[in-house]
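J.: Got a predicted structure plus its sequence, pasted below:
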Amino acid sequence: QVQLVESGGGLVQAGGSLRLSCAASGRTFGLLGMGWFRQAPGKEREFVAAITWSGDVRSYADSVKGRFTISGDNAKSTKWLQMNSLKPEDTAVYYCAATYSPGLRIMSSYKYWGQGTQVTVSS
């Protein structure tokens, strides 16, 4: 089993920044990647960004490319999502997830999920 704990959400004004963290513990050996997804009220959960466990491949949704950066520290099994130039449409619950599959952008490939952290961007 793998446990994921997110932190770093909050309320920020449009144009501001937040940094989300996802700490993994348990049987992390063999994991291929970690991703961030988000779900806004009344909408389906969507892919935001992902990174391979080794950190050599990163992938972003078009809506966040150039504004968000995903990174990681393998020694600490922690991944971060730096979110800059935030917009009101970024408001959502953000979830980190871990996968044994190479399909980093595919939500169904993720086996473990965190509890989510709320990000609210005011206009």
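T.: Done, it's in. These figures come from a predicted structure and were not determined experimentally.

J.: which residues touch the residue nearest the centre of the chain?
T.: Central residue of the chain (C-alpha atoms, centre = their mean): W36, 2.2 Å from the mean position. For W36, the contacting residues are 20, 22, 48-50, 70, 81, 94-97, by C-beta atoms under 8 Å, 6 or more residues apart in numbering. To be clear about C-beta, it is placed using only N, CA and C from the backbone, and glycine gets the same treatment.

J.: Out of the residues you listed, which is nearest to M107?
T.: Distance to M107 across the contacts of W36 (C-beta to C-beta) is lowest for A97, with 7.7 Å.

J.: okay, now the closest residue to the closest one other than its chain neighbours: neighbour count?
T.: Distances taken as C-beta to C-beta, 6 or more residues apart in numbering place Y110 nearest to A97, at 3.8 Å, with adjacent residues excluded. For Y110, the neighbour count with other C-beta atoms under 10 Å is 23.

J.: With W53 instead?
T.: Neighbours of W53 under the rule other C-beta under 10 Å: 21.
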